[in-house]
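Undergrad: with the input below, show me the fold.
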Amino acid sequence: MLYFPSANIRYTLVLKNACSTVMATLLSREGISVNVMDVDEVHRLAIAYACKETQQGYILGVVRDPAKRFVSAFLDKIVVNLRPAVWRSIVIHPSTRLSLPELVNSSSTDELDIERLTFLDFVSAVALIPDLHLEAHLRSQSWSLAGRKHDYILSVDSPYWQRQLADLVGGNVVVVRPHGTQQYAYPDNAYPNADHMTIGDLRNNFLLTGRLPAAKDFLSPKAVDIIRTRYKCDYTAIADLLT
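TA: Below is the predicted model:
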């Protein structure tokens, strides 16, 4: 949790839930300007406001549709990210060593080629990994929300959430460079079978055009079913929080 005294807000940080924009807005309220094109800088400055559970202030949480959040993490951390160490830490976890080679028709985990995985392969593999061993951007939102009682809950899926944030913080919203589907997306349904495209094809397409399929293009009924089962706790927790 992060405590920002000027707004008297304790913010429950949940990655991939517009956290950079929320933190930049709260930092701005503290009189600290940030480079809106540098997500890492925002996180580095905000971590100085880490606090204990007993800290004073109203508690703010921001939630997001689990399926859209998963696609955003997949594109941002797997497809666009060219650092192998990042995605290897996700896909070659001991709990999935037996399943992934089968998904990519490989006989050896040492020869696993992530570029051959499709979105459906990837979500099927992640579904087998418990939150404790999963990379932070793909963990359940419930893991971060930790069952604590929040005074304010905002939903990124609401068209009014930025206005609500501004009213709550008492200042202007500082929108940090959007990444993942927002920045790179083609119009919805430009790639209706994106869930079957390999990571290699997606990455090559991005390198050539700077664009990626929109979130809805990945969310086939089969993909949504897997995500709803894997993140069932999130759907329940978010419904409870928003009501």
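Undergrad: let me know whether residue 190 touches residue 213 as I believe.
TA: Yes - shown here, residue 190 and residue 213 form a contact pair, counting by Cβ atoms under 8 Å, at 6.4 Å. Just so you know, the C-beta spots here come from the backbone N, C-alpha and C atoms, and that holds for glycine as well.
Undergrad: more neighbours: which of the two?
TA: Set side by side, residue 190 and residue 213 show unequal neighbour counts under other Cβ atoms under 10 Å, the larger going to residue 213 at 28 against 14.
Undergrad: now the more buried one: phi and psi?
TA: phi -60, psi 150 (degrees, to the nearest 10).
Undergrad: any low-confidence regions in this protein?
TA: Counting by pLDDT under 70, the chain contains low-confidence residues at 82-113, 178-183.
Undergrad: please repeat the previous calculation with a cut-off of 50.
TA: Counting by pLDDT under 50, the chain contains low-confidence residues at 98, 101, 103-104, 106-109, 180-181.
Undergrad: by contact count, what packs against the lengthiest strand in the chain?
TA: Taking DSSP state E as the criterion, the chain has its longest strand at strand 58-63. Applying 3 or more Cβ pairs under 8 Å, 6 or more residues apart in numbering; DSSP states H and E, one finds that strand 58-63 contacts strand 9-12, helix 19-29, helix 141-145, strand 152-155, helix 232-242.
Undergrad: out of those, flag the one nearest residue 122.
TA: Between residue 122 and the helices and strands packed on strand 58-63, the shortest gap by Cβ to Cβ is with helix 232-242, which sits at 18.0 Å.
Undergrad: one step back: format the helices and strands packed on strand 58-63 as JSON lines; extra columns: mean neighbour count.
TA: Formatted as JSON lines, the entries for the helices and strands packed on strand 58-63 read as follows, by neighbours: other Cβ atoms under 10 Å:
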{"stretch": "strand 9-12", "mean neighbour count": "23"}
{"stretch": "helix 19-29", "mean neighbour count": "24"}
{"stretch": "helix 141-145", "mean neighbour count": "20"}
{"stretch": "strand 152-155", "mean neighbour count": "18"}
{"stretch": "helix 232-242", "mean neighbour count": "15"}
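Undergrad: export the ones you listed to CSV and tack on distance to residue 116?
TA: Written out in CSV, the entries for the helices and strands packed on strand 58-63 read as follows (distance: least, Cβ to Cβ, whole Å):
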stretch, distance to residue 116
strand 9-12, 37
helix 19-29, 31
helix 141-145, 29
strand 152-155, 36
helix 232-242, 29
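Undergrad: between those, which gets nearest to residue 174?
TA: Nearest of those (Cβ to Cβ): helix 19-29, 4.0 Å.
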